[in-house]
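K.L.:
take this sequence and fold it.
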Amino acid sequence: MFSVVTSCLPYLGPLIPWSRGLCVLQDTARYTYLGFSPDKMIRHDTLPSPDDLWDRGSPCPTLKAKDDLPPFQTGWMGFWGYEMLHGLEQQSVKPHDAYAPYPFAWMGYYPAVLALDHKEKRAVAMANGFPETTHKAWETTARRRLWTLEKAYRRLIADQEKALQAPCPALPVLRPCLSPEAYTAMIEDARASIAAGTVYQVNIAQAFEGPYPQKDLPRLYHALNQNHPAPYGGFLDMGDAVLLSLSPELFFHLNPQNDLTMRPMKGTRPRDREDPQNDERLKTQLQTSAKDRAENLMIVDLMRHDMAKLCYAGSVTVPHLWSVESYSYVHQMTSTLQGKVYEDTSPQTILKTLFPSGSVTGAPKIKAIDEITRIEPMARGPFCGSMGYISATGAMQFNVLIRTLVWGKNRLYLHTGCGIVEDSDPMMEYQESLAKTGFLKPMP
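P.N.:
Next up, the predicted model:
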């Protein structure tokens, strides 16, 4: 079995993604992956049918994983937008039309990828030789790809040195697309559905938008990532559309041994950086909130059901329930689920079975999706979809696209949502949705 060919390059710390077509993925706080030019690309500009969600002829060779390298060792990087779910499940409500010039999904195959290891302060270039079938041809092709990758990376370093000399761009000013009255009315609508027994919980989102120039997006991503580090963020330049994600939420991770981990976030409180005592009070309030615990538990049960479709009986466990994690501007309640996926389950099957994350839909999942489409006035787009990688070694990792900006036609778009249950207070939920825009504000 073949494996990747590697080389070491100069380490670059905080990254400004100053390269058209660049895909950047964050993997916990340790790794940043860079892909410069995919060999193959799958892009859906219209909602596909279930059979067309993936190109079955796409290259995805199985390589022998190297344990001393970062988990992503060449393969696919990209995203699936929220509306892709309409190609997976038959919904009773017609999806909204897209409101910005972005695709519903974009995945690129990267036979060469660079990983920045922030813990070891090293940069590792990795390349495969697919579709070569002999060791000599494989290594020759992989070495050529490493050379091309090294040139692209050195250009990025030079561009970054120039970019850092320019003044930092202003943070975007985004206005809500709905009035407070309109958003709280949506929440009341959701509560009525819950009272009627249609759903137990449903996530309701609102959108924000405002003008912003494309040339400032790389510096904006760099500045936001410096002020509000996100373990599962990313940057994707598709030319006519750009994603800037500072997601703290892991959707799922699969290692080459078929161990599956999911970490849903449900339950939020704002941070008070100016008053440590009040900040601790807010954290404790979240930890002890019966409402937030019940909401989180509903999503854990939903995800256990999704995982059971893929995992061996008895292997699905919940090692951590109701943990609270603190980020620069919010406290979040998080739980962890683990399971063992059946042998020979394809990456496509895993993504299709789990998508979208139950933490951004509700329970029961399909009914909640119908309610979201009925209640919300516009498409979600990339928001609440997933961005991540499918490694040629069999490893997979996708985030949940929250805290994510979408650029198109010189405008930025942002969605924030809240999980609604029967005793939700509409104005408190509205305030929570505003707190989730905190990463767009200057640090105190």
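K.L.:
show me what contacts G35?
P.N.:
When contacts are counted by CB atoms under 8 Å, 6 or more residues apart in numbering, G35 touches L22, C23, M77, G108, Y110, A112, V113, L114. Where you see a C-beta, it was placed from the backbone N, CA and C, and this is true even at glycine.
K.L.:
next step: those residues restricted to strands.
P.N.:
When DSSP state E is applied, the contacts of G35 are split such that C23, M77, G108, Y110, A112, V113, L114 fall in strands.
K.L.:
ok, the closest residue to V300 other than its chain neighbours to P319 distance?
P.N.:
With sequence-adjacent residues excluded and distances taken as CB to CB, 6 or more residues apart in numbering, V300 is closest to S335, at 5.0 Å. Using CB to CB, to the nearest Å, we find S335 at a distance of 9 Å from P319.
K.L.:
could you list every helix and strand that the longest helix anywhere in the chain packs against?
P.N.:
Under DSSP state H, the helix in the chain containing the largest number of residues is helix 135-163. Other helices and strands packing on helix 135-163, by 3 or more CB pairs under 8 Å, 6 or more residues apart in numbering; DSSP states H and E, are strand 5-9, strand 112-117, strand 122-127.
K.L.:
out of those strands, which is closest to L149?
P.N.:
strand 112-117 (4.4 Å; CB to CB).
K.L.:
list the strands paired with the closest one, with their directions.
P.N.:
strand 31-35 (antiparallel), strand 122-127 (antiparallel) (DSSP bridges).
K.L.:
check which residues of the helix or strand harbouring A205 are buried.
P.N.:
Assigned by DSSP states H and E, A205 belongs to strand 201-211. For strand 201-211, a neighbour-count test (16 or more other CB atoms under 10 Å) marks Q201, V202, N203, I204, A205, Q206, A207, F208, E209 as buried.
K.L.:
ok, stretch 180-188 next?
P.N.:
Y183, T184, M186, I187.
K.L.:
same deal with stretch 224-236?
P.N.:
Under 16+ other CB under 10 Å, the buried positions of stretch 224-236 are L224, N225, N227, H228, A230, P231, Y232, G233, G234, F235, L236.
K.L.:
again, but for stretch 280-300
P.N.:
282-283, 286-287, 289, 292-300.
K.L.:
what do you get for stretch 21-35?
P.N.:
Going by 16+ other CB under 10 Å, stretch 21-35 has these buried residues: L22, C23, V24, L25, Q26, D27, Y31, T32, Y33, L34, G35.
K.L.:
what about that stretch, how long is it end to end?
P.N.:
End-to-end distance for stretch 21-35, by CA to CA, to the nearest Å: 9 Å.
K.L.:
now that stretch: average pLDDT?
P.N.:
In this model, stretch 21-35 has a mean pLDDT of 92.
K.L.:
got it, and stretch 242-254?
P.N.:
For stretch 242-254, mean pLDDT rounds to 94.
K.L.:
got it, and stretch 359-367?
P.N.:
Taken as a whole, stretch 359-367 has a mean pLDDT of 90.
K.L.:
give the pairing partners of the helix or strand of the chain with the lowest mean pLDDT; include direction for each.
P.N.:
Lowest by mean pLDDT, DSSP states H and E among the helices and strands of the chain is strand 265-270, with a mean of 84. Using DSSP bridges, strand 265-270 pairs in its sheet with strand 330-340 (antiparallel).
K.L.:
elements contacting the helix or strand following the partner strand?
P.N.:
Using DSSP H and E, the helix or strand that follows strand 330-340 in sequence is helix 347-354. Other elements packing on helix 347-354 under the criterion 3+ CB pairs under 8 Å, 6+ apart are strand 250-254, helix 290-308, strand 386-391, strand 396-399.
K.L.:
again, only using 10 Å
P.N.:
strand 75-80, strand 250-254, strand 259-262, helix 290-308, strand 386-391, strand 396-399 (3 or more CB pairs under 10 Å, 6 or more residues apart in numbering; DSSP states H and E).
K.L.:
where among these is average confidence lowest?
P.N.:
Taking the mean pLDDT of the helices and strands packed on helix 347-354, helix 290-308 comes last: a mean of 90.
K.L.:
so for D159, what's the pLDDT?
P.N.:
Looking at D159, its pLDDT is 88.
K.L.:
whoops, P61 was the one
P.N.:
Value for P61, per-residue pLDDT: 64.
K.L.:
center of this structure - which residue?
P.N.:
N399 (3.2 Å; CA atoms, centre = their mean).
K.L.:
related to what we said a few turns ago, as TSV, the buried residues of stretch 21-35 with distance to H253 would be great.
P.N.:
Formatted as TSV, these follow (distance: CB to CB, whole Å):
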residue	distance to H253
L22	23
C23	18
V24	18
L25	12
Q26	13
D27	9
Y31	12
T32	16
Y33	14
L34	20
G35	19
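K.L.:
return the member of the residues you listed nearest to Q165.
P.N.:
Using CB to CB, the buried residues of stretch 21-35 come closest to Q165 at L22, 20.2 Å.
K.L.:
pull out the buried positions in the longest helix of the chain.
P.N.:
W138, T141, A142, R145, L146, L149, E150, A152, Y153, L156, Q160.
K.L.:
where does pLDDT dip in the protein?
P.N.:
The chain contains residues with pLDDT under 70 at 50-61, 89-92, 99-100, 442-444.
K.L.:
residue farthest from the centroid of it?
P.N.:
K136 (37.6 Å).
K.L.:
wait, what's in contact with it?
P.N.:
K136 is in contact with G129, counting by CB atoms under 10 Å, 6 or more residues apart in numbering.
K.L.:
if I look at it, how far off is S3?
P.N.:
For K136, the distance to S3 (CB to CB) stands at 15 Å.
K.L.:
what about the closest residue to P70 other than its chain neighbours, how many residues close to it?
P.N.:
Distance criterion CB to CB, 6+ apart; nearest residue to P70, sequence neighbours excluded, is A115 at 4.1 Å. Around A115 sit 22 other residues, with neighbours defined as other CB atoms under 10 Å.
K.L.:
and A115, how far is that from G197?
P.N.:
Using CB to CB, A115 is found at 49 Å from G197.
K.L.:
pull the contacting residues for S49.
P.N.:
H86, G87.
K.L.:
P14 belongs to a helix?
P.N.:
No: per DSSP: H, G, I helix; E, B strand; the rest coil, P14 lies outside any helix segment and is coil.
K.L.:
now for it: which residues touch it?
P.N.:
Shown in contact with P14 (CB under 10 Å, 6+ apart): T32, L116, H118, Q160, L164, H222, A223, N225, Q226, P229.
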